[in-house]
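J.: sequence and predicted structure are below.
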Amino acid sequence: PSVEETLAALGKGPILGNQTAPVTIVEFSDFQCSFCKKFWADTLPKLKETSIKKGQVKFIYRHFAILGKHSMQAAQGAECAAEQGEFWNYHDRLFTNRGGLAFADAKLKQYARELGLKVPVFNQCLDSGKYLKKVEGETAVAAFLGARGTPTFFLNGRLLAGAQPLEVFRTAIEEELKKSRSKKK
C-alpha cells in the first residue's frame, strides 16, 4: 500500500480544516516532545491562519508516543477528551503544561475538569486504557512509514521530519496545490 493508503487505514483522526482540502498534513507527535511543542506554538497557529483557514489544507493529528509511559497516558487522555469533542482544547492544554509530572494520571484528570469535560466519563475512559491499542497502533504506523523522531509530518504522503519552519510547509503546500490544479485541467 502507498503511504496515503497506510495513513487512511488508521481511520478518522482529529482534523483541523476542510475535509475536502487538496492538501493533507498528518502530524505524528508526542505531547512530551519539546520540538512538537515548538511546532504547536510557532508554526501551527500560522498554518491555521493561512492555508487551513483558506481551505487548502486539512491537518490531522496522530500519536507517535515514543517518550515513555507519560507520553502513552497523555495520548490516551487526548483520545478520551476527543470522545467529548474536546480533542484540540485538550491537546493545547497538554502542550501548555508539558514537562515534569504534567502527565501523571491525576493531572490528566485535572485538565479534563478544567476544560469542563464530563469528569466521571473521562476518568473511566482513561482508567480503562481503552485507547492504548489505538495509540500503540498509530505509533507503530509512524515508525513503519519511516518516522525516526517527533514530530514527523506527511504532506500528501511526503515525509517531512522535525519541527520545520513555516516556510518549508508553505513551499511544500504550494507544490501540492500546483499539482492538484494541473490534475484538474
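T.: Arrived safely, thanks for sending.
J.: which regions of this protein sit below the pLDDT cut-off?
T.: 100, 184-185 (pLDDT under 70).
J.: assign a three-state SS to I25, would you?
T.: Using DSSP: H, G, I helix; E, B strand; the rest coil, the structure places I25 in strand.
J.: how about it, what does it touch?
T.: 47, 57-60, 153-155, 169 (CB atoms under 8 Å, 6 or more residues apart in numbering). The way it works is simple: take the backbone N, C-alpha and C, and place the C-beta from them, glycine included.
J.: roughly how far does it sit from K107?
T.: According to CB to CB, to the nearest Å, I25 and K107 sit 29 Å apart.
J.: ok, E49 next?
T.: 30 Å.
J.: these two: who's more crowded?
T.: K107 (19 against 10; other CB atoms under 10 Å).
J.: what about the closest residue to the more buried one other than its chain neighbours, how many neighbours?
T.: What sits nearest to K107 in space, not counting adjacent residues and going by CB to CB, 6 or more residues apart in numbering, is L101, at 6.4 Å. The number of residues packed around L101, counting by other CB under 10 Å, is 9.
J.: neighbours of F154, how many?
T.: 23.
J.: okay, and it sits in which element?
T.: Assigned by DSSP states H and E, F154 falls within strand 152-155.
J.: and what of V121?
T.: Using DSSP H and E, V121 sits in helix 119-128.
J.: contacts for that helix next, please.
T.: 73, 76-77, 79-81, 83-84, 105, 108-109, 112-113, 131.
J.: C-terminal to it, what's the next element?
T.: Next along the chain from helix 119-128, counting by DSSP H and E, comes helix 132-144.
J.: could I get the contacting residues of the residue nearest to the spatial centre of the chain?
T.: Computing the C-alpha centroid of the chain and ranking residues by CA atoms, centre = their mean puts Y61 first, at 2.1 Å. Listed by CB under 8 Å, 6+ apart, the contact set of Y61 reads 13-14, 27, 29, 87, 91.
J.: in the helix holding V121, which residues are buried?
T.: 122-123, 125-126 (16 or more other CB atoms under 10 Å).
J.: got it, and stretch 161-177?
T.: Neighbour counts over stretch 161-177 (16+ other CB under 10 Å) mark 162-164, 166, 169, 172-173, 176-177 as buried.
J.: likewise stretch 64-82?
T.: So for stretch 64-82, counting by 16+ other CB under 10 Å, buried means 64-67, 70-82.
J.: narrow these to those in helices?
T.: 70-82 (DSSP state H).
J.: what's the closest of the residues you listed to T20?
T.: Distances from T20 to those, taken as CB to CB, are shortest for A82 (21.3 Å).
J.: which helix runs longest in this protein?
T.: Under DSSP H, the chain gives helix 166-184 as its longest helix.
J.: ok, and what's touching it?
T.: Under CB under 8 Å, 6+ apart, the answer for helix 166-184 is 22-23, 25, 42-43, 46-47, 50-51, 56-57, 153, 155-156, 158, 160.
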